[in-house]
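A predicted structure for the sequence below; I have some questions about it.
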Amino acid sequence: MARRGAWLTGGLLAAGLSLMWAGRAGPPNEAPVAGPPAPAHVTEPVPTEEKSPAPAPDEAPAHDFRLPSGRAPALSCEAARAVVAEARAQLAHEPDALDARALADAAADWLDPYGLWSVAPDAPVAVAFDRRAPQLLADLEGRGSRDCAAARALGVELVAWVAELRRVFDEARAAVPPAEEDTAAPVFEGALVTRPARSLARTLGHRLGGAERDLGPAVAPYVEAARSRYFPPLDAGGWAEVVMAAAVRAYVPVMDPHGAWAPLDEESSVYEVDLEAHPPSRLWDKAERTAIGLRIESGAAPPLADGDVILSLAGVALAGLSYEQTEQLGFAAADVHPPAQAVLLRGDGKAPIVTSLDAPIVEAKGPGAPADDAAELPVERIEYGDGDAVVVTIHDVHDDLGDQLTRALLRERESKGRVVTGIVLDLRGNGGGSTDGAIDALGLFVPGAPLFPMRRRDGSLETDRAPEPPGVDRWRGPVGTLVDGETASAAEMMAGALGAYHRGPIIGATTFGKGCAQEYIDDDAHAGVLRLTTLVYALPDGTAVQRIGIAPTIRFPFGTLDPTDREAALPHAPPTWRGPDVRDRGVLAHSDDGTWTVSWPPHGGNVGPCKDPDVCRALRLLGGSPSVGPATARRKPLAKGR
């Protein structure tokens, strides 16, 4: 079992990485994983290229995502049980009993990447999942039949249902399709599937038949790849393994609201890649799956272009790929050596063209990733008394937040004009991110301080210290943080640590209350990757965060947020934990011995103007705050939350 680092994010982690249709809420020693015999790799009419050298070690990407196979994820009964047992054993707390119906609903959702097999309104398999939910749960947890009989029974039903859909598809494909059918148009629904599966199968047949009519034999391999993926020719045993993989994908987030499991073909879906200091390259930002391939909507990396319909990439046909495998292919093909080749349709072209991705691929620019000129944090300089308050907005806690914040503060301190009176970190709406990023940023304000006691299930404790940056980088003046009900996890760490060391006031509303951390773990079955809540943490003074949140020093009503949208309301969220006081008394004394200037000076009413009027109102409260220590009111756990 290999751990890959701890991350903290508020609420439920999104599985998708780019804005593509979701369709639903590997190593050499990889264990055999069954799947449909789909022609995932398509021979392309291109000459053999000379191999270019692999990147040097210091240029190697942070992730080595493999090219997806194109097969439906599948796990044997034994492998599925091994992953579930590992997840239960590594969880930060004793797992709760799970709702079999919730598991069955989620498993049916994960099983079907198209709206054909189990989530369409006319799919009989959905009813079968509900009927066999208790047995499926027992089989996963090793309490049921030896051979996972529930999955095999579902496999029998899938064989018959998919055969019927294949017949509908083949009949529509053979018929003369309507001339107006756009083979490159998006074809799948979003998270809510309302179209009958038979209707979708008919539409797929028409569109792929139209592609054969218009483009001829050149697209035949891609049409056959699509048919094998939409309607896999599996027997009951093969479908049973596909069901078990879907059941594991469902089980982990039902057990752990911040957890996930993904097979190696789809492991990119469990990582927060956009929060990494050096995110992997990607070939597009937004794309839509079509019947025949993938249409790029925006953010294409040259030589690809927006509007291209990709038929094949790095030898992998895109027709019929799941959302998760399509995403992973966009990462993996960006970094292969020699450069990948793409077969695509462009404009009104009547024949596929082949292009080599030999141009340098730009760094990922997905949702939440910094733009070219904004790897820097947004900063607003606001008049405050005789000087300026520097308000730094931090939307997410990136791996390199310490470096980002260092640059922002040095730039403002060295600029000409009014003196910097104090620093305000605006953490409103910040759902968290990297623990390393939070800890590195805190080094600028409490260098060398012991920070967060973290507890594993076995009772062992781990505590990190803030780094000690060069003196020129440290900020010894007044600090404050702005928080609201959406401030979560690693952002709560930052505000809470500054409060626990009496470094600066916390202004706003009680925070979200996510005091737990996730780690990435290579599963023992060698079949995929787990993201699992393995740690709960407390503030440096031992104050609990999990399910409670951080009470502000100065209350201020930022906006109107749902008071029930909190960690405490998430099913199976870890329990509250209060830790030991790990504060260094020497560091704590700096608030009294003059090492730090803690109190904000009076502003005499001279505050602003501000882009956000609430920020000016909050700043006016600073000059009159008598204390920057913890709030005196006892914090009580909330009964409800996200």
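Looks like it came in fine.

how is the protein partitioned into domains?
36-356, 379-622 (automatic domain parsing).

mean pLDDT for these - can I get that in a markdown table?
A markdown table is the format used below for the domains of the chain (pLDDT from 0 to 100):
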| stretch | mean pLDDT |
| --- | --- |
| domain 36-356 | 90 |
| domain 379-622 | 96 |
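
can I get those domains in CSV including mean neighbour count?
In this view, the C-beta of every residue, glycine as well, is placed from N, C-alpha and C. Shown next, in CSV, are the domains of the chain (neighbours: other Cβ atoms under 10 Å):
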stretch, mean neighbour count
domain 36-356, 20
domain 379-622, 21
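
and the closest residue to Thr421 other than its chain neighbours, its phi and psi?
Distances taken as Cβ to Cβ, 6 or more residues apart in numbering place Gly387 nearest to Thr421, at 3.6 Å, with adjacent residues excluded. Main-chain torsions, Gly387, degrees, to the nearest 10: phi -130, psi -150.

so who does Gly387 touch?
Applying Cβ atoms under 8 Å, 6 or more residues apart in numbering to Gly387 gives the contacts Arg418, Val419, Val420, Thr421.

cool, Ala175 as well?
Gly205, His206, Gly209.

before we move on, back to that, which residues does the residue nearest to Thr421 bridge with?
Tyr384 (DSSP bridges).

so which helix or strand takes in Val424?
strand 420-426 (DSSP states H and E).

need the CA coordinates for that strand. CSV is fine.
C-alpha atoms of strand 420-426 as CSV (Å, rounded to 0.1, in the frame of the first residue of the first chain):
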residue,chain,number,x,y,z
VAL,A,420,1.2,48.5,4.5
THR,A,421,-0.6,48.5,7.8
GLY,A,422,-1.8,45.0,7.8
ILE,A,423,-2.6,41.9,5.8
VAL,A,424,-6.1,40.4,5.4
LEU,A,425,-6.5,36.9,3.9
ASP,A,426,-9.9,36.6,2.3
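
my guess is Thr511 contacts Thr481. True?
No. Using Cβ atoms under 8 Å, Thr511 makes no contact with Thr481, being 10.0 Å away.

how far does stretch 114-122 sit from its chain's centre?
25 Å (Cα atoms, centre = their mean, to the nearest Å).

that should have said stretch 170-177, apologies.
The answer for stretch 170-177 is 40 Å, by Cα atoms, centre = their mean.

show me which strand runs longest in the chain.
Secondary structure of the chain per DSSP state E: the longest strand is strand 528-537.

C-terminal to the strand holding Val424, what's the next element?
strand 432-434.

helix or strand next in line after that next one, which one?
Using DSSP H and E, the first helix or strand after strand 432-434 is helix 435-442.

which strands and helices sit next to that following helix?
strand 3-9, helix 401-414, helix 490-500 (3 or more Cβ pairs under 8 Å, 6 or more residues apart in numbering; DSSP states H and E).

helices or strands up against the longest one?
To tie it back to what came earlier, the one meant is helix 401-414. Applying 3+ Cβ pairs under 8 Å, 6+ apart, we find helix 401-414 packed against strand 379-384, strand 387-393, strand 420-426, helix 435-442.

convert that helix to CSV, retaining C-alpha atoms only.
What follows is helix 401-414, C-alpha atoms only, in CSV (Å, rounded to 0.1, in the frame of the first residue of the first chain):
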residue,chain,number,x,y,z
LEU,A,401,0.2,28.7,-1.9
GLY,A,402,3.2,29.6,0.2
ASP,A,403,5.1,30.7,-2.8
GLN,A,404,2.1,32.6,-4.3
LEU,A,405,1.5,34.4,-1.0
THR,A,406,5.2,35.3,-0.6
ARG,A,407,5.3,36.9,-4.0
ALA,A,408,2.1,38.8,-3.4
LEU,A,409,3.2,40.2,-0.1
LEU,A,410,6.7,41.1,-1.2
ARG,A,411,5.3,42.9,-4.2
GLU,A,412,3.0,45.0,-2.1
ARG,A,413,5.5,45.8,0.6
GLU,A,414,8.1,46.9,-2.0
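
angle of that helix against helix 435-442?
Computed with axes from the mean of the first three to the mean of the last three Cα atoms, to 10 degrees, the direction of helix 401-414 lies at 20 degrees from that of helix 435-442.

Leu377 belongs to a strand, doesn't it?
No. Note on Leu377: no strand contains this position according to DSSP: H, G, I helix; E, B strand; the rest coil, which reports coil.
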